[in-house]
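Asker: below are the sequence and a predicted model; questions follow.
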Amino acid sequence: MDPRNGHVGGRDSLVLLVLLAVFLLFDPVRSWWANALPHWLWPYGVWAGLIALTWLSYRQWGRDRREL
Amino acid sequence: VTDVSFEIWHLYLAAVAYLGLLFLIAYATDHGWIPQRLARHPAIYVLSLGVYATSWTYYGSVGFAYGQGYNYLTIYLGVTLAFMLAPVLLAPILRLVREYQLTSLADLFAFRYRSQTIGIVVTLFMLIGTLPYISLQIRAITESVQVLTSEVPPVMLAVSVCVTLILFAILFGARHSSARERHGGLVVAIAFESLVKLVALLSVGSFALFGIFGGPTALDQWLSANPRVLQSLYDPVREGPWTTLLLLAFTAAFLLPRQFHMTFTENRSEGALMRASWGFPLYLLLLNLAIPVILWAGMRVGGGMSPDYYVLGITLNGGAPKWLSLFAFIGGVSAATAMIVVTTLALSSMCLNHLLLPASYPDPTVDLYRWLLWGRRVLIAMIIMGGLGFYELLEHNQGLVELGLISFVAVAQFLPGVIGVLYWRRATRLGVLLGLAGGITTWTITLLLPLLADSQIIRADLGLTEIQALFGLSHWEFATFWSLAINAILFVAGSLVRAPSPEESEVAYACCTESFAPPRGVVRASSTEQFKQSLARVIGLEAAEKEVARALSDLAMSPLETHPGELRRLRERLERNLSGLLGPQLAHMIVNQRLELDPGTRTALADTVRYAEQRIERSRSELRGLAAELDVLRRYHRQILVDLPLGVCAISPRREVTLWNLAMEMMSGVSADAALDRNVVQLPRPWNAFLSSVIDASDQHIYHRELEVDGQPRWFSLHKAAVADPSLVSVSGEPSPPGMVILIEDLTEIETLEAELAHSERLASIGRLAAGVAHEIGNPVTGIASLAQNLRDESESALVGESVEQILQQTRRINNIVTTLMSFSRSGDISLQPEYFALTGAVDEAIQLVRLSRSGKRIECLNRCPAELEIFGDRQRMLQVFVNLLTNACDASAAGDHVEVRAQQQPEHLEIEIRDNGQGIPEALVNRVFEPFFTTKQAGDGTGLGLSLVYKIIYDHGGNIEIDSTPGHGTRVSILLPQGVAQPRREAL
């Protein structure tokens, strides 16, 4: 993304992540990954999602700090 | 299939060998054998946080999952949430810890609430709350040995392990007298331990998946065949206290002593913490990935073994290779030892600062550093042995997780206080003390007493089971909810009852905004030597000298510093350094008592400005919106002043320099650092007297003031205006005594140009005058000479003839003067006739002419000009230059001396030098020798026009002439002609 157009890497990534999460929650995508990922691993999937969110937030936060 | 062939001493040796490896890693790091780039890598910091995963995680998670299903993940999801909030939760604590050299949670509380009592309460409660956790680790090691050997290990095993850990903790955690020093070796060793735990657990998980189930597909089939197994993981989440566990893990993530120590005290950069915000949860996720598989493998092959030890059990019963069992055991040892060592270090620091030092502060004659070092070492030993004692007391009928949760709930009692530190300025020490008292009492009743009762240490039936059933809460929910609720209510109520003291308010402001108000007052001690003497009465002379030297080094300050503003900074720095050594409250007391402030003396405005600017630069509260715009505007205005091409100097009402811009630095040669904050009279000479006189002058504008700087005269114009101190107006509402801003313009260059112009004009006017005079005098003199000759021809009297001869002689002299005058006056009017000619030839010719004169006959003139040098110029005029200069040199020299002419081609000009060893020219006259009619010769020996003519000819050739003379040692005249070839000035051509 080009910052000159008002896009900021971390923020855009967060938006994309939210869109992806919404996409993943609807059928038939949901039934596909539900079958593909063993049932017992679902909590880990949620946990990994939280970590990804933190990582993206860190990128955004780090960028804000550098801009300051 | 059980194939046990381990002996206790095998396992003990393996554990000792492993600890030996850790020794080696820590030692190698401390001695620089491991590159700093690697030892300080953020990944090492992230891995070192893995100390969170103790035996509870390594062994107990499987048991917890067996009983509470996926609730076991909340212990790690809570950590993930805490680290997700790193920018607003952990980073502010990190900045406070680093800024004020705080080494533990007790330090943080004592610092924020300005109370030694709070430090003591936090330390004691943390100690009591953590001992069960340490005993859990010892128990995990001994029970894991029991699992592998099927024998009850002797007590000496636990004792031996504890002694080894004491040794390790002392060697690598207590090498310095103060906890303010970071322990690089320890951090790398702990990171290594985290890696070992991860690899061991993943190896056991892989064995469970592939060795016991035969792969993922087979596992799925097994789970399909046993649906209740998977169901048993999900059911407790719907029923169990997962929110409570989440909250407990959230607080434990950064408030447990070991977590606080590794997250904040051993941290090297905020960037590392930010990386840990996702890196550490990722580590925990990987660590927990194998737990369900190990659980199911244990259920399949574990037999009657406790689920807490399935990690070991499945390797024994599942037919795993022996090394895997041993590796799994080492992973468990790793988890336990890391926790014990780091926790003990953190607790020893707390106990030292908040129990030992306040209770028995050492005499100043004692070596403080040595006392602290041994104090820490003894405390480390006592804490580990205390954990061992707790382990021996308990009946061991609780699960590993139950013991751990007791510590978690204890640590959670500090959450309200931490929120007060970071976000609630109204929080007071009374509120914290009341809240902690309520929380600790509830924790004791609901968790500690039942634990002791279970172990038959006390006999008590508090009837808690009925009360818990009444509220419909589980044991943990009940204890956590009520202890925290009572704690929080008392904390808020106690804080609201009484307003915080001014001192509390000041620190609260600093903690919440990460910005202290500028300190008021001036330190009574007026030198760094007095600082040492004052501190020596409390901490001893040696420690005082070292601490003052350290603070001076931190601030890059001179030991001779006497400026009040600088000394106050030194005082502030000393308090922070002592805080790292003795704890914040003791350091505050010592500094307040021994390095007193005189509140009557006002803080310099310069200090306030600099202080505010430093704070703004480091502020966590990122400036946004209007504040950011104003800050940009402030920077812009400041930059204008700094870059202004005129000198700007602002003076406070107390005559301290508050602004010294770049032009001032260039003009005065005094740097801003050397000028700022200093009284005007402390500035280097001659600026101190100069600016003082300007400040005292009644005129607002002073023009053309001369000042001698480095022996050279310089000229300045100054303009001054009164400026009120805005801070005084805002505080008192009365007009403030005015400060002053002074604008300084350097006129030296203009003055020089004007002098040159005046000189040129004077020469020109003299030239015109000379031409007129020569013309007017020449004709009558010619007439006089003709008449005199006629008279000599007509008279035969010897007396007349002699008189006529004198008349003719005088007329010839007048003619010479007139001819020279005509030549001088014409030199600027008649065009040069430039041509290339050999320099050495011209000089030779000039020497020949000079030898004809009386003085030239007794002086040897040497031509040392290189033969190849040529000049492009008017040969006749340059010849005149050489003749005049050589004549002067010969006249000034004594008989037998010699005069040298040298020439040298420089990159940008040709330099011709005429040097004599004669009497020289007095310094006062050097600047006047080029003036027309100025001569030092006897009347009749010179016209005073020779050097003026030389100057004019050289000027016409685009060159320059300089005289360097030392009376009694001779004179050196340098002619500089551009590019070795004279470039005649346009007007002369």
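Answerer: That came in fine, so what should we check first? Residues are numbered from 1 along each chain as shown, chains lettered A, B, ... in the order given.
Asker: for the residue nearest to residue B:670 when sequence neighbours are not counted, give me its contacts.
Answerer: In this structure, residue B:670 finds its nearest non-sequential neighbour in residue B:684, 5.6 Å apart by Cβ to Cβ, 6 or more residues apart in numbering or on different chains. In short, each C-beta sits where N, CA and C put it, glycine included. Contacts for residue B:684 (Cβ atoms under 8 Å, 6 or more residues apart in numbering or on different chains) come out as B:668, B:670, B:674.
Asker: which one of the residues you listed sits closest to residue B:705?
Answerer: Lowest distance from residue B:705 to those (Cβ to Cβ) belongs to residue B:668, with 14.0 Å.
Asker: what's around the closest one, how many residues?
Answerer: Residue B:668: 23 surrounding residues under other Cβ atoms under 10 Å in any protein chain shown.
Asker: swap in residue A:36?
Answerer: Neighbours around residue A:36, by other Cβ under 10 Å: 7.
Asker: distance of it from residue B:234?
Answerer: From residue A:36 across to residue B:234, the span is 19 Å (Cβ to Cβ, to the nearest Å).
Asker: check residue B:640 too.
Answerer: 67 Å.
Asker: output the helix or strand containing residue B:80 as PDB, nothing but the C-alphas.
Answerer: Taking DSSP states H and E as the criterion, residue B:80 maps to helix B:74-84. What follows is helix B:74-84, C-alpha atoms only, in PDB (Å, rounded to 0.1, in the frame of the first residue of the first chain):
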ATOM      1  CA  THR B  74      -7.300 -19.800  29.600                       C
ATOM      2  CA  ILE B  75      -4.000 -19.700  31.600                       C
ATOM      3  CA  TYR B  76      -2.300 -18.800  28.300                       C
ATOM      4  CA  LEU B  77      -5.000 -16.800  26.700                       C
ATOM      5  CA  GLY B  78      -4.900 -14.500  29.700                       C
ATOM      6  CA  VAL B  79      -1.200 -13.900  29.000                       C
ATOM      7  CA  THR B  80      -2.000 -13.300  25.300                       C
ATOM      8  CA  LEU B  81      -4.600 -10.700  26.300                       C
ATOM      9  CA  ALA B  82      -2.100  -9.000  28.700                       C
ATOM     10  CA  PHE B  83       0.500  -8.900  25.900                       C
ATOM     11  CA  MET B  84      -2.000  -7.700  23.400                       C
END
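Asker: so what touches that helix?
Answerer: Contacts for helix B:74-84 (Cβ under 8 Å, 6+ apart): A:47, A:50-51, A:53-54, A:57, B:52, B:56-57, B:61, B:64, B:89-90, B:242, B:245-254, B:276-278, B:280-281, B:284-285, B:287-288.
Asker: recalculate using a threshold of 7 Å.
Answerer: A:47, A:50-51, A:54, B:52, B:89, B:242, B:245-250, B:253-254, B:276-277, B:280-281, B:284, B:288 (Cβ atoms under 7 Å, 6 or more residues apart in numbering or on different chains).
Asker: just the buried residues from the residues you listed, in ChimeraX please.
Answerer: Buried members of the contacts of helix B:74-84, defined by 16 or more other Cβ atoms under 10 Å in any protein chain shown, are picked up in ChimeraX with:
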select /A:47,50,51,54 /B:52,89,242,245,246,247,248,249,250,253,254,276,277,280,281,284,288
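Asker: hmm, back to that, between residue B:640 and residue B:234, which one's more packed in?
Answerer: For residue B:640 versus residue B:234, neighbours defined as other Cβ under 10 Å are more numerous around residue B:234 (14 against 11).
Asker: point out where chain A drops to low pLDDT.
Answerer: A:1-14, A:17, A:60-68 (pLDDT under 70).
Asker: any idea how far residue B:712 is from the closest residue to residue B:248 other than its chain neighbours?
Answerer: Leaving aside its chain neighbours, residue B:248 sits nearest to residue B:408 (4.2 Å; criterion: Cβ to Cβ, 6+ apart). Distance of residue B:408 to residue B:712, given as Cβ to Cβ: 76 Å.
Asker: could you do residue B:65 as well?
Answerer: To residue B:712, residue B:65 is 86 Å away according to Cβ to Cβ.
Asker: strands of chain B, start to end?
Answerer: B:522-523, B:597-598, B:647-651, B:657-660, B:701-709, B:712-723, B:739-746, B:834-838, B:860-864, B:870-874, B:898-905, B:909-916, B:960-966, B:970-978 (DSSP state E).
Asker: residues contacting the closest residue to chain A within the stretch 151-300 of chain B?
Answerer: Of all residues in the stretch 151-300 of chain B, residue B:278 sits closest to chain A, at 4.0 Å by Cβ to the nearest Cβ. Neighbour list for residue B:278: A:51, A:54, A:55, A:58 [criterion: Cβ under 7 Å, 6+ apart].
Asker: out of those, who's near chain B?
Answerer: A:51, A:54, A:55, A:58 (Cβ under 7 Å from any Cβ of the partner chain).
Asker: any regions of the stretch 701-850 of chain B where pLDDT drops low?
Answerer: B:724-737, B:760, B:763-764, B:766-767, B:820-832.
Asker: what residues does it put near chain A?
Answerer: Counting by Cβ under 7 Å from any Cβ, the stretch 701-850 of chain B has no residue next to chain A.
Asker: ok, now chain B?
Answerer: Residues of chain B lying near chain A (Cβ under 7 Å from any Cβ): B:70, B:73, B:77, B:80, B:83-84, B:87, B:220, B:230, B:233, B:274, B:277-278, B:281-282, B:285, B:289, B:292, B:622.
Asker: more neighbours, residue B:65 and residue B:712?
Answerer: residue B:65 (26 against 8).
Asker: hmm, residue B:293 and that one touching each other?
Answerer: No - assessed by Cβ atoms under 7 Å, residue B:65 is found out of contact with residue B:293, at 10.6 Å.
Asker: where does chain B have its least confident helix or strand?
Answerer: One helix or strand of chain B scores below all others by mean pLDDT, DSSP states H and E: helix B:726-732, with a mean of 48.
Asker: burial check on residue B:701, number of neighbours?
Answerer: Residue B:701: 11 surrounding residues under other Cβ under 10 Å.
Asker: right, and it touches residue B:721 too?
Answerer: No - at 9.9 Å, residue B:701 does not count as touching residue B:721 under the criterion of Cβ under 7 Å.
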